[in-house]
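>>> predicted model and sequence follow; I will ask about them next.
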Amino acid sequence: MIPVTVTQKIANIGFLAKKHSPEILLVVGIAAVVGGTILACKATLKAKDIVDKYNGDLDAIDHATETAEMDSTVVYTNGDREKDTNIAKVQTAVGLLKAYAIPTILVVAGVTCLVSSHKILKGRQLAILAAYKSLEELLSVYRKRVKEEIGEDKENECFIGAKNIGSKIFNVKNAETGEEETQNYNTYDLSNVGGIYHRIFDANNPRWSSFPGYNATFCKCVENTANNELRMKGFVILGDVLDKLGYKRTPESLITGWRLNAETGDGFVDFGLEKEINRAAMKAGQDHEIVLEFNIDGTIWDKI
């Protein structure tokens, strides 16, 4: 009986080979194509000798034909000429086939390896997207149930990690009269805010400005621009939005975003600027961070 440690080792080696099969096929494919190309170049030098021999054989056949026509003692019929020509052609074809056989096999095998590597990677990518979408749907259903249980605002605070630390009085300019008036807004501790679809727009962002009212206006303009792009192109990638806002792209931002007339989603781009957590920042001005919560439709890479 084979020891368990040996069978486990064999299984691990087999699994690692399967796991890294795209990389292995890629390296083998490139090596085979390069090697086949080099051998084909060498075979071309041999092919010149083969072609020269073929031309020499044809010259000999022509000479024999001319000799037979001039000397009646020499017998070289048209049948002999056709037979010798066919033999020369076959020998030349066989010689060229032998010269280019190995290079051709290597190039074809290399291309096959490259195509197989691509197919494996594509299959894995589709599998990852399917698993990702399943998790998105599961999270969406869970959030809906929590909202029904504790309310939308409270659920949103728990989801993004914000904590209500009480209300505060702010001096706000009245949009109609232009006069300042006091308003009472809730304030939040944002130290625990996290998540792949949330960002805090604060002084750490290169787009942040100390000019009163600029940050709220800037975020709203980017939101409006994204909505215009959604209507014009039919889709918007989250990574492009992050670029405009001054954030670095993340791996998930390259495959998620918004689609026009999507089966799920709101059908528009929303950063959550009007939510309760942003009331103070949007109304009172500069002194408060803005919590950006992107209402993405989910994974859209496979639907564009």
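Noted; the coordinates are in hand.
>>> what segments of the stretch 201-304 of the chain are helices?
With DSSP state H, counting those that start in this stretch as the criterion, the stretch 201-304 of the chain has helices at 214-233, 238-245, 279-284.
>>> for Glu148, find the nearest of these.
With distances scored as CB to CB, the stretch of those nearest to Glu148 is helix 279-284 (23.4 Å). C-beta coordinates here come from the backbone N, C-alpha and C atoms, glycine included.
>>> what's the mean pLDDT across that closest one?
Helix 279-284 carries an average pLDDT of 64.
>>> so, low pLDDT: which residues of the stretch 151-300 of the chain?
Within the stretch 151-300 of the chain, the stretches with pLDDT under 70 are 164-185, 280-287.
>>> now the helices of the stretch 201-304 of the chain in a markdown table, with distance to Ala131?
As requested, these are exported to a markdown table (distance: least, CB to CB, whole Å):
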| stretch | distance to Ala131 |
| --- | --- |
| helix 214-233 | 26 |
| helix 238-245 | 19 |
| helix 279-284 | 36 |
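>>> out of those helices, which is closest to Val269?
Nearest to Val269, of all the helices of the stretch 201-304 of the chain, is helix 214-233, at 4.1 Å by CB to CB.
>>> which helices and strands sit right next to that closest one?
Helices and strands touching helix 214-233, by 3 or more CB pairs under 8 Å, 6 or more residues apart in numbering; DSSP states H and E, are strand 235-237, helix 238-245, helix 279-284, strand 290-293.
>>> among the helices of the stretch 201-304 of the chain, which comes closest to Val27?
Ranking these by proximity to Val27 (CB to CB) places helix 238-245 first, at 30.1 Å.
>>> ok, and for the closest one, which residues are buried?
238-242, 245 (16 or more other CB atoms under 10 Å).
>>> one more: stretch 103-113?
Across stretch 103-113, burial judged by 16+ other CB under 10 Å covers 103, 106-107, 109-110, 113.
>>> picking that back up, how about the helices and strands packed on helix 214-233 in TSV, adding distance to Thr299?
Converted to TSV, those look like this (distance: least, CB to CB, whole Å):
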stretch	distance to Thr299
strand 235-237	11
helix 238-245	10
helix 279-284	30
strand 290-293	18
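>>> which residues does stretch 104-116 contact?
25-26, 28-37, 39-40 (CB atoms under 8 Å, 6 or more residues apart in numbering).
>>> swap the cut-off to 6 Å and go again
Here stretch 104-116 makes contact (CB atoms under 6 Å, 6 or more residues apart in numbering) with 25, 28-29, 32-33, 35-36.
>>> with stretch 92-103 instead?
The list of residues contacting stretch 92-103 from outside it, by CB under 6 Å, 6+ apart, reads 36, 39-40, 43, 46-47, 50, 54.
>>> what segments of this structure are strands?
163-173, 180-189, 198-201, 235-237, 256-259, 290-293, 298-299 (DSSP state E).
>>> by contact count, what packs against the fifth one?
Applying 3 or more CB pairs under 6 Å, 6 or more residues apart in numbering; DSSP states H and E, one finds that strand 256-259 makes contact with strand 235-237.
>>> what packs against the strand it packs on?
For strand 235-237, the packing partners by 3+ CB pairs under 6 Å, 6+ apart are helix 214-233, strand 256-259.
>>> got the CA coordinates for the first one in PDB?
In other words, helix 214-233. Below are the C-alpha coordinates for helix 214-233, written out as PDB (Å, rounded to 0.1, in the frame of the first residue of the first chain):
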ATOM      1  CA  TYR A 214     -16.500  73.700  -3.000                       C
ATOM      2  CA  ASN A 215     -16.300  70.100  -1.800                       C
ATOM      3  CA  ALA A 216     -20.100  69.600  -1.800                       C
ATOM      4  CA  THR A 217     -20.400  71.200  -5.200                       C
ATOM      5  CA  PHE A 218     -17.500  69.200  -6.600                       C
ATOM      6  CA  CYS A 219     -18.900  65.800  -5.600                       C
ATOM      7  CA  LYS A 220     -22.300  66.800  -6.900                       C
ATOM      8  CA  CYS A 221     -20.800  67.800 -10.300                       C
ATOM      9  CA  VAL A 222     -19.000  64.500 -10.600                       C
ATOM     10  CA  GLU A 223     -22.200  62.700  -9.800                       C
ATOM     11  CA  ASN A 224     -24.000  64.700 -12.500                       C
ATOM     12  CA  THR A 225     -21.200  64.000 -15.000                       C
ATOM     13  CA  ALA A 226     -21.500  60.300 -14.300                       C
ATOM     14  CA  ASN A 227     -25.200  60.400 -14.900                       C
ATOM     15  CA  ASN A 228     -24.700  62.200 -18.200                       C
ATOM     16  CA  GLU A 229     -22.100  59.500 -19.300                       C
ATOM     17  CA  LEU A 230     -24.600  56.800 -18.300                       C
ATOM     18  CA  ARG A 231     -27.200  58.300 -20.600                       C
ATOM     19  CA  MET A 232     -24.800  58.800 -23.400                       C
ATOM     20  CA  LYS A 233     -22.700  55.600 -23.300                       C
END
